[in-house]
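In: Predicted model follows, preceded by the sequence.
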Amino acid sequence: MKTIIPSVKGTRDFYPEDMAVRTWLYQILRKVSESFGYQEYEGPVLETLDLYAAKSSEELVREQSFSFTDRGGDWITLRPELTPTLARMIAQRQQQLTYPLRWWSFGPFWRYEKPQKGRLREFFQWNIDLIGVDTPEADAELIAIIAALFREVGLTPNEAVILVNDRRLVNGQLERLGIPSEQRQNALSWIDRRDKMRPEVWDANGLEMGLTAEQLAGTKAFLENTDLWRESEGLARVFAALEAMGARDYVRYDSGIIRGLPYYTGIVFEAFDVSGSLRRAILGGGRYNNLMAAVGGDPLPAVGFAMGDVVISLILKELGRLPAGRDASPARVLVTVFDAERLPVSLALASELRRAGLKAACYPEPAKLPRQLKYADRMGMHVAVVIGPDEAANGQVTIKDLQAGKQQTIERENAAAAIGAVLERE
RNA sequence: GUGGGUGUAGCUCAAUGGCAGAGCACUUGACUGUGGAUCAAGCUGUUGAGGGUUCGACCCCCUUCACCCACCCCA
C-alpha cells in the first residue's frame, strides 16, 4: 500500500461534492445577510497574539490558538475568532463610518482543539454584527436573521430553537441574593455549566464557591422561573420585536444560557437543533458593548453572533436537507470524440457551444463511445453530442438526450439551439 | 490534558487461535456507432506499524501511530 502523507489533524479536504455544500451554504448566508442589508467584509487570517490577549477568553488564547513566532520574532496567531478583528477595523475608522454598521463575513478560523463530532481545528464561520445601536430591537434583528436562516435551509421551529437570556437579568438576580460582584463572573460560568452536571455536584460546586444555602436555593429558584424574562424590559421588548418580525416561533427564554466569552454585556443567545442527536450549539452570540473601547476605540455598542459551518452541515445532512447532485459536472453537455482524426471537429463544436452560452465539455481523447457516454452519465450531464463519419459527411451532428434516451440527427448549425431546447425541457 | 472505542481489498464490513472472505466499485465480454438495467468472467491484501506468546496470530499480550466518541472548552 502506498503511503500517503496525511492531512493536518482536524482539517478537511473539500472534494467537489463537499465544496458544493460549502458554496451552497455561503450563498445562503449571503442571501440572508444581504436581505437584512448587511455588507460583506473580511479581515486577515493572521493576527498578532496581542489582539486576543485581553479580549478573548483566556483559554481560547492560551490553550486553543495556533500561535508561532514569525521570522522577525513577533508572535502571530491564526485567528480563532473574528470579533476582535472587527473591533479593530471599526476602531481604526471609527469617525469615518456610517452608523449603524451592518457587516457580515464568512471565512476560515483555527482552534487547537481535540477534534470530535462537530468540532474541528479548521472550520468556517459566519459572523454577523450590528454596531452602533444599543436597543432591544437591534438585538431582536440578529435573532430574526437566525430565524430567516433556519427558514432558508428548511429548519422548522420544531427542528431548531433559539434560546435567549440576558446577563444583566442574571447579574441583577445574583445581586439581589447578595452575591458580591467579584463572585458573579464565577457564578455566571457555574450557571452556564449547570445542564452538563449532575444536580448534586452542581449544588456542591456552588457551595464550594462560597454561596450560602439561601443563595443557592435562591439561584435555583430564579433559574427555574420560566417567566423571569418579564422582569427584564429589554427581553420583553426583544420578544415583542420578534413577534412583529414573525420570528417569535423559533425563540425561547432560557435562564441557563450564559456563554463562555467574557465580553458579553447584555443579551446572549444560542441555537440548538431539537432532534438532539448532536447536543452542540449551532451558533451563539450576544451583545458586547465594551469591546470597542477595549481595543482602543471610543465606546460603541454592538450585537452579533457567529455560526460554524460544521454543526449546521451535520444537522442538515442528518435531516437530508443538503442539496442533491453535488458531485455532478457543471457541464450539461458532453461532446464525444469519435476517433483521433475527428478530435479537432469535436473540439471546435464544443467551443461553438460554449460561445453560444452552453456549459459544454469535450471528451479529451478518442475513446470507445460506451465509455464516453458512461462518463457523461456518471458526471450527471444531460446531453451527449456525437459527430461520427456519417454526420460529418452530411454536415450534421447527433444530439442525444441522456434523460429521455432519445436522439436526433440535425444540421450542425442548429446544434446549439437544439441542445438548448433539450435542456429547456428538463 | 483525561477516559473509552475502532483499525482487514478503492469503499462498507465479515472471518471459535487453524486455507483471509462478502457486497459495492472497478476491468473485460454478451453489445465492432450509444450510458443507466441484467448476466458471465476477471482484478483487488505488508489484516495500521513494531515486538512478544504459540506448532500455528486478523484473533491473545506489550509498545506505538492514526482515526472516531465522550469530558474540558467552544462555532
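Out: Received it, and whenever you're ready, just let me know what you need. Fair warning: this is a prediction, and the values are worked out from it, not measured in the lab. Numbering: from 1, shown residues only, chains lettered A, B, ... in the order given.
In: Remind me which helix or strand the residue in chain A that RNA strand B sits nearest to belongs to.
Out: Closest residue of chain A to RNA strand B, C-beta to the nearest atom of the strand: residue A:260 (1.7 Å). Glycine gets a C-beta too; all of them are placed from N, C-alpha and C. In this assignment (DSSP states H and E), residue A:260 forms part of neither any helix nor any strand.
In: who touches the most centrally placed residue in chain A in this structure?
Out: For chain A, the residue nearest the mean C-alpha position is residue A:309 (4.0 Å; C-alpha atoms, centre = their mean). For residue A:309, the contact set (C-beta atoms under 8 Å, 6 or more residues apart in numbering) comprises A:22, A:25, A:123, A:124, A:125, A:126.
In: and with 7 Å instead?
Out: A:22, A:25, A:123, A:124, A:125 (C-beta atoms under 7 Å, 6 or more residues apart in numbering).
In: surely the first one meets residue A:15?
Out: So the one you mean is residue A:22. No. Using C-beta atoms under 7 Å, residue A:22 makes no contact with residue A:15, being 10.8 Å away.
In: Who has more neighbours out of the two?
Out: Taking neighbours as other C-beta atoms under 10 Å, residue A:22 and residue A:15 compare with residue A:22 leading, 15 against 10.
In: Now that one: which helix or strand?
Out: Judged by DSSP H and E, residue A:22 forms part of helix A:16-35.
In: and if you look at residue A:307?
Out: Residue-wise, residue A:307 maps onto strand A:302-308 under DSSP H and E.
In: just the angle between that strand and helix A:16-35, please?
Out: Interaxial angle, strand A:302-308 versus helix A:16-35 (axes from the mean of the first three to the mean of the last three C-alpha atoms, to 10 degrees): 160 degrees.
In: Over to the closest residue to residue A:418 other than its chain neighbours. Which of the three states is it?
Out: Leaving aside its chain neighbours, residue A:418 sits nearest to residue A:410 (5.3 Å; criterion: C-beta to C-beta, 6 or more residues apart in numbering). Three-state call for residue A:410 (DSSP: H, G, I helix; E, B strand; the rest coil): strand.
In: Residue numbers of the stretch 301-426 of chain A in contact with RNA strand B?
Out: Within the stretch 301-426 of chain A, the positions near RNA strand B by C-beta under 7 Å from any atom of the strand are A:306-308, A:310-311, A:338, A:369-371, A:373-374, A:376-378, A:384, A:386, A:388-391, A:398, A:400, A:402-403, A:405, A:407.
In: just checking, which of these belong to helices?
Out: Using DSSP state H, the subset of those located in helices is A:310-311, A:369-371, A:373-374, A:376-378, A:389-391.
In: Would you write a PyMOL line that selects the buried entries of those?
Out: Selection of buried members from those for PyMOL, criterion 16 or more other C-beta atoms under 10 Å:
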select buried, chain A and resi 310+311+373+376+391
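In: Turn the ones in helices among the residues of the stretch 301-426 of chain A next to RNA strand B into TSV, columns for pLDDT.
Out: What follows is these, written out as TSV (pLDDT from 0 to 100):
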residue	pLDDT
A:310	92
A:311	92
A:369	91
A:370	90
A:371	89
A:373	92
A:374	91
A:376	92
A:377	90
A:378	89
A:389	91
A:390	91
A:391	93
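In: ok, so of the ones in helices among the residues of the stretch 301-426 of chain A next to RNA strand B, who is nearest residue A:242?
Out: Ranked by distance to residue A:242 (C-beta to C-beta), these are led by residue A:311 at 22.8 Å.
In: for the closest one, what are its contacts?
Out: A:118, A:278, A:280, A:282.
In: so the third one, which of the three states?
Out: Using three-state DSSP as the criterion, the local structure at residue A:280 reads coil.
In: what's the neighbour count on the nearest residue to it once chain neighbours are set aside?
Out: Distances taken as C-beta to C-beta, 6+ apart place residue A:118 nearest to residue A:280, at 4.6 Å, with adjacent residues excluded. Neighbours of residue A:118 under the rule other C-beta under 10 Å: 18.
In: Could you list the low-pLDDT ranges of the stretch 301-426 of chain A?
Out: For the stretch 301-426 of chain A, applying pLDDT under 70 flags no range at all.
In: Then chain A?
Out: A:1-4, A:54-63, A:276-277.
In: domain parsing for it?
Out: Domains of chain A are assigned by automatic domain parsing as A:16-318, A:333-425.
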